[in-house]
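Enquirer: structure for this input, please:
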Amino acid sequence: MRSPLVPCVLAVGFAVLAGAAAAAPRCDAPAPTVFLERFVPADCEACWQGATRRDRRAGQLVLDWIVPAGEGAPLAAAALPEAAERAGKVSREAQWRSTTLKRGAAPLVRIADGPGWNGYVGLRLVVTRRSTVPADAVAYAALVERVPAGSEGTRVDRQLVRALIGPVGLGELATAPAMEHMSAVRLPDTERPDRLGSVAWIETAKGEVIAATQSCTGP
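Expert: Numbering: from 1, shown residues only. This next block holds a predicted model:
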C-alpha cells in the first residue's frame, strides 16, 4: 500500500524544485579567481571571531565550514559531518585551503536557489562543457548562510555552509554540451533565511577545484 505521506513529499519536492528552476542559474558578478575554504572547529569561538590578511584578498569565493567537535561545543549547532571530511585532519585551530581557479578550458558552472517552501529550498545546478571534462570530475552544490562582518560575532564576511549536495557525477557531459541537476534540501535553523544563498564548484578525484560560482541571491 502506498503511504499517504508520499504525495505530500512529492508535492514539497516539486514545489521547491520549481522555485529553483524559475531562478536564472547565472550571476553577473565577476568570476572568482580563487576558491578559499575555511574550517573552524566547533569548539573554537575565537577561530570564528578572528580574521587574517588572507581573508581580505580580492577575487576570492569563500566557503566557511564548522567542523564537529562534540555536542557541547559552542558552534555545534552549525557543524556538518561533511566539514570534517573536507578538512581532512583534526585540528584545534582554524584551517584553510586555497585554490587558484584556471580560466578557459574549465567547465562553466552556474547555481541558483529557489524560495523556501514548507521547510525546504530547491537548488538548481547547471554545468556546461567548454572542452574535455576530466573523467573523475564531480560537482557540489551548497546552501550557504551569508553572514556579514560585524554580526554573529565574526569580524569578516562569511558564507557558512548549511547543507551540501554531492558529489554529482558529470558523465552526461561526455555526450551532451550541458547537464542540469536539481535537488531539494531542508531549510536550516536560522533566524535570517533572507541571508541564504548557494555556491557550486567542480573538483577532480584528487580534490583540485577547477571551477566555482555563487548565486546572486542574498545580501
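Enquirer: mind listing what the spatially most central residue of the chain touches?
Expert: In the chain, the residue lying closest to the centroid (CA atoms, centre = their mean) is residue 142, at 2.3 Å. Residues near residue 142 by CB atoms under 8 Å, 6 or more residues apart in numbering: 63, 161, 162, 163, 164, 165, 198, 199, 200. Bear in mind the C-beta positions are built from the backbone N, C-alpha and C, glycine included.
Enquirer: possible to save these as JSON lines with distance to residue 93, secondary structure and pLDDT?
Expert: JSON lines is the format used below for the contacts of residue 142 (distance: CB to CB, whole Å; DSSP: H, G, I helix; E, B strand; the rest coil; pLDDT from 0 to 100):
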{"residue": "63", "distance to residue 93": "18", "secondary structure": "strand", "pLDDT": "96"}
{"residue": "161", "distance to residue 93": "19", "secondary structure": "strand", "pLDDT": "98"}
{"residue": "162", "distance to residue 93": "23", "secondary structure": "strand", "pLDDT": "97"}
{"residue": "163", "distance to residue 93": "25", "secondary structure": "strand", "pLDDT": "97"}
{"residue": "164", "distance to residue 93": "23", "secondary structure": "strand", "pLDDT": "97"}
{"residue": "165", "distance to residue 93": "29", "secondary structure": "strand", "pLDDT": "97"}
{"residue": "198", "distance to residue 93": "28", "secondary structure": "strand", "pLDDT": "96"}
{"residue": "199", "distance to residue 93": "24", "secondary structure": "strand", "pLDDT": "97"}
{"residue": "200", "distance to residue 93": "28", "secondary structure": "strand", "pLDDT": "97"}
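Enquirer: wait, which of those is closest to residue 177?
Expert: Taking CB to CB as the measure, residue 177 lies nearest residue 200 of the contacts of residue 142, at 18.0 Å.
Enquirer: which SS class is the nearest residue to that closest one once chain neighbours are set aside?
Expert: Counting by CB to CB, 6 or more residues apart in numbering, residue 111 is the residue found nearest to residue 200 once chain neighbours are left out, at 3.8 Å. The local conformation at residue 111, judged by DSSP: H, G, I helix; E, B strand; the rest coil, is strand.
Enquirer: so who does residue 111 touch?
Expert: 25, 123, 124, 125, 126, 141, 198, 199, 200, 213, 214, 215.
Enquirer: ok, residue 62 next?
Expert: Residue 62 touches 36, 37, 38, 55, 157, 158, 159, counting by CB under 8 Å, 6+ apart.
Enquirer: confidence-wise, which of those comes last?
Expert: Least confident by pLDDT among the contacts of residue 62: that is residue 55, with 65.
Enquirer: who does residue 185 bridge with?
Expert: Residue 185 has the following beta-bridge partners by DSSP bridges: residue 121.
Enquirer: can I assume it is in contact with residue 165?
Expert: Yes - using CB atoms under 8 Å, residue 185 makes contact with residue 165 at a distance of 6.5 Å.
Enquirer: need the overlap of contacts for these two.
Expert: By CB under 8 Å, 6+ apart, the residues touching both residue 185 and residue 165 are residue 123.
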